[in-house]
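1. Need a 3D model of the sequence below.
(2 chains)
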Number of protein chains: 2
Amino acid sequence: MGNRISIGLDAMGGDFAPQEPVLGGYIAARDNPEIDLVLIGDKAAIEKALPGTLPNLKIHHAPEVIEMHDPPAISVRRKKKSSISVGADLLKNGDIQAFVSAGNTGAVVAASTLKVRLLPGIERAGLAVAFPTISGDPVIIIDVGANIDTKPTHLLQYAIMSSVYCNVMWDHVQNPRIGLLNIGEEDTKGISSYKEAASLLKASGLNFIGNVEGKDVFKGLADIVVMDGFVGNVVLKVSEGAADAVITMLKKEIYGGSFWAKLGAMLFLLPAYKRLKKKIDYSEYGGALLLGLNGVCIIGHGRSNARAIKNAINVAVKEIERKVNEKILQRIRV
Amino acid sequence: MGNRISIGLDAMGGDFAPQEPVLGGYIAARDNPEIDLVLIGDKAAIEKALPGTLPNLKIHHAPEVIEMHDPPAISVRRKKKSSISVGADLLKNGDIQAFVSAGNTGAVVAASTLKVRLLPGIERAGLAVAFPTISGDPVIIIDVGANIDTKPTHLLQYAIMSSVYCNVMWDHVQNPRIGLLNIGEEDTKGISSYKEAASLLKASGLNFIGNVEGKDVFKGLADIVVMDGFVGNVVLKVSEGAADAVITMLKKEIYGGSFWAKLGAMLFLLPAYKRLKKKIDYSEYGGALLLGLNGVCIIGHGRSNARAIKNAINVAVKEIERKVNEKILQRIRV
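-> All right, here's what the predicted structure looks like:
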């Protein structure tokens, strides 16, 4: 392998697989001859979707597919020859340095956390997602559901890992502001594991800014908001649900109005909303990051098109080039 | 007191106190001579705000005020003569059957749960809030933060209490559909207290429809979604924050557009948004309900105007007339 970077791509993952992942992978490999790209999935289907051959692009056959709505943990156990299971195996064995998938998020998390070793010293992997905020800069939320049996030290490690990630990967952030999700700014608030995590964060040397309430997550007051995986998964999904509901209700309000209101909505509101949707879509940031593994794992949105897949691959390449995991290790050992 | 209904109103609570609460209380008492209304707060300030006298309206002097941003638990302990502490005392002693406040939610919850006894058999009070959904019917979320040390039996009791409330109070709902918030529809999902709660709910005879994911809360698939107070408080605040953020970003998108887009937004989007805001505002449903107390406690939104206060009082009256607490007791004893 030498100094070349080897990326495995789930060719069967996402709503538009295999076409869009295969095309995205092809473009990424074509544009960056320094990487080796491994398309993982059904060989015949991949060959059919490939626009051509490239010296740095190969196929790793995996005949099974975990569908988007399959139960994650069970599917990983049952479909050992699925692109997701095989991708996690390749990552575990060091055959690839990064695994990128736009498939079933739960299944990618389950396969990766089951198979791939954690970085020495890390107790749990955490799944991080970047959201847009009204300040214009994104906020990282970690953990959105990789681990639901969360201890205070896990929360501290999520903060460390995502802080290193921000510092290394995002040029607009230095010394990221870290908040701990809680239900009030009073120190006495919240459940005991969060109180203990707050003490650990205060003593950590990280740029800990204290508790952040739910209503402030999208204001951009913090670069990172740390929470346990149960709450984080709820936050991820409730905010999507609330945003969708507001827009749906807003449309109803407008369509209940005059002819001119409807025309106005069609001309101005919907195009603006489409532009906004694109900004909100977290695949713009390369997808969700599974931090803490001895390897890189990025999970794109199910709706990922070729461009989003290419972006995710580029983020993975950058993570490897900038040695995010090595730097997490250094920071954990301190 | 006889068969008359006695309602205590926090005259000092909310952003527009004492004017709006006093006016709302005055109107409620004037429109319904069958109730006795007790305005709790600074006597001089109340008298100044009162448009007149009524035989069924009196003042209970309470010289201190807990401000909206005061730390709840500490303030209740320190300001024993505040309208909130005194209101909870009156409720505890049976001097009033219901306490209505638009003041500091945390303080009202702290004062009431500290002072007022729970209904026999109820282990924890739960704070319930009704949200609008895209189906047009509201959904009740319970608990949004009355109790953060939550056991499976508490979750079951939240379901029972809010189910009785819906059945008795809402004419459009019969046998309310109850969902348990969780992070996936798989039975194996979620933390152990939620798994245990799911078993209890299945065996309860309630109309339990299973797990509800965060993204589905606002779809109207369930009439009630049960969760622990830490998660519930986060859900309450994150959905407000996400809705606000989407609207703010949408405005930015539109204002970044052409002159015509701006004009269109001003003419159509903003009025529609204002109508929507009014619908989303949970004070429309009378406020948050603290269920499980031996007495009725309703907490209006801080922005409550006189009309919202009057609505909250009417909900309290209806709760007493329709014997919600008695019916909760009957159901708990089964």
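2. residue closest to the middle of chain A?
-> Of all residues in chain A, the one closest to the mean position by C-alpha atoms, centre = their mean is residue A:288, 0.2 Å from it.
3. residue contacts, it?
-> Listed by C-beta atoms under 8 Å, 6 or more residues apart in numbering or on different chains, the contact set of residue A:288 reads A:105, A:127-129, A:144, A:282, A:298-300. Any C-beta I mention is one placed from the backbone N, CA and C, and that applies to glycine too.
4. Pick out the lowest-pLDDT one from those residues.
-> Among the contacts of residue A:288, residue A:282 has the lowest pLDDT, at 53.
5. how about the residues of the stretch 1-150 of chain A near chain B?
-> A:71-74, A:106, A:132-134, A:145, A:148-149 (C-beta under 8 Å from any C-beta of the partner chain).
6. Model confidence for the residue nearest to the centre of chain A, exactly?
-> 92.
7. That one and chain B: what is the separation?
-> 14 Å (C-beta to the nearest C-beta, to the nearest Å).
8. now swap in residue A:56 and tell me
-> Residue A:56 is 38 Å from chain B, by C-beta to the nearest C-beta.
9. Quickly note the distance from that residue to residue A:182.
-> 47 Å (C-beta to C-beta, to the nearest Å).
10. Give me the more crowded residue out of those two.
-> residue A:182 (25 against 16; other C-beta atoms under 10 Å in any protein chain shown).
11. Now the more buried one: closest residue in space that isn't a chain neighbour?
-> Spatial nearest neighbour of residue A:182, chain neighbours left out: residue A:211 (3.8 Å); criterion: C-beta to C-beta, 6 or more residues apart in numbering or on different chains.
12. Run through the strands of chain A in chain order.
-> Applying DSSP state E to chain A gives strands spanning A:5-10, A:35-41, A:57-61, A:98-101, A:126-131, A:139-142, A:178-182, A:208-213, A:224-226, A:288-291, A:296-299.
13. who wins for proximity to residue A:242 among those?
-> Among the strands of chain A, the nearest to residue A:242 by C-beta to C-beta is strand A:126-131 (12.5 Å).
14. Please enumerate the helices of the stretch 1-150 of chain A.
-> A:19-31, A:43-49, A:72-78, A:83-92, A:105-115 (DSSP state H, counting those that start in this stretch).
15. Could you give me the buried positions within the longest helix seen in chain A?
-> Assignment by DSSP state H gives helix A:229-255 as the longest helix of chain A. Buried residues in helix A:229-255, defined by neighbour count with 16 or more other C-beta atoms under 10 Å in any protein chain shown: A:229-247, A:249-251, A:253-254.
16. Okay, the nearest residue to residue A:67 once chain neighbours are set aside and chain B: tell me how far apart.
-> Nearest residue to residue A:67, sequence neighbours excluded (C-beta to C-beta, 6+ apart): residue A:104, at 7.0 Å. Residue A:104 is 11 Å from chain B, where distance means C-beta to the nearest C-beta.
17. just checking, residue A:104 touches residue A:66?
-> Yes. Counting by C-beta atoms under 8 Å, residue A:104 does reach residue A:66; the two are 5.2 Å apart.
18. who touches both of those two?
-> Counting by C-beta under 8 Å, 6+ apart, the residues touching both residue A:104 and residue A:66 are A:72, A:75, A:84.
19. low-scoring pLDDT stretches of the stretch 101-250 of chain A, where are they?
-> A:185-190 (pLDDT under 70).
20. again, 50 this time
-> Low-confidence segments of the stretch 101-250 of chain A (pLDDT under 50): none present.
21. Please name the spatially closest residue to residue A:235 (chain neighbours excluded).
-> residue B:238 (5.3 Å).
22. Next, format the strands of chain A as TSV and append distance to residue A:20.
-> Formatted as TSV, the strands of chain A follow (distance: least, C-beta to C-beta, whole Å):
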stretch	distance to residue A:20
strand A:5-10	11
strand A:35-41	12
strand A:57-61	16
strand A:98-101	12
strand A:126-131	20
strand A:139-142	26
strand A:178-182	34
strand A:208-213	36
strand A:224-226	30
strand A:288-291	18
strand A:296-299	15
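23. out of those strands, which comes closest to residue B:317?
-> Closest to residue B:317 of the strands of chain A, according to C-beta to C-beta: strand A:208-213, at 33.2 Å.
24. so what does the closest one touch, helix or strand wise?
-> In terms of contacts (3 or more C-beta pairs under 8 Å, 6 or more residues apart in numbering or on different chains; DSSP states H and E), strand A:208-213 is packed against strand A:178-182, helix A:192-202.
25. one step back: helices or strands next to the longest helix of chain A in the packing?
-> strand A:126-131, strand A:139-142, helix A:259-264, helix B:229-255, helix B:270-280.
26. okay, the angle between that helix and helix A:192-202?
-> Following axes from the mean of the first three to the mean of the last three C-alpha atoms, to 10 degrees, one obtains 100 degrees for the angle between helix A:229-255 and helix A:192-202.
27. distance between stretch A:218-237 and the chain's centre?
-> Taking the mean of its C-alpha atoms, stretch A:218-237 sits 13 Å from the chain's own mean (C-alpha atoms, centre = their mean, to the nearest Å).
28. winner for burial among the helices and strands packed on strand A:208-213?
-> strand A:178-182 (a mean of 25; mean count of other C-beta atoms under 10 Å in any protein chain shown).
29. mind listing what that strand pairs with, with the direction of each?
-> Strand pairing for strand A:178-182, using DSSP bridges, gives strand A:208-213 (parallel), strand A:224-226 (parallel).
30. Between the two ends of stretch A:90-100, how far is it?
-> 12 Å (C-alpha to C-alpha, to the nearest Å).
31. For that stretch, the averaged confidence score.
-> Mean predicted lDDT for stretch A:90-100 stands at 98.
32. Of all the residues in that stretch, which ones are buried?
-> Neighbour-count burial for stretch A:90-100, counted by 16+ other C-beta under 10 Å, picks out A:90-92, A:96-100.
33. For residue A:292, state which of the residues you listed is nearest.
-> Nearest to residue A:292 among the buried residues of stretch A:90-100 is residue A:91, at 13.1 Å by C-beta to C-beta.
34. can you pull the contacts of that closest one?
-> Counting by C-beta under 8 Å, 6+ apart, residue A:91 has contacts A:8, A:97-99, A:112, A:115-116, A:293, A:295, A:297.
35. From the residues you listed, pick the one nearest chain B.
-> Checking the contacts of residue A:91 against chain B with C-beta to the nearest C-beta, the nearest one is residue A:112 at 17.3 Å.
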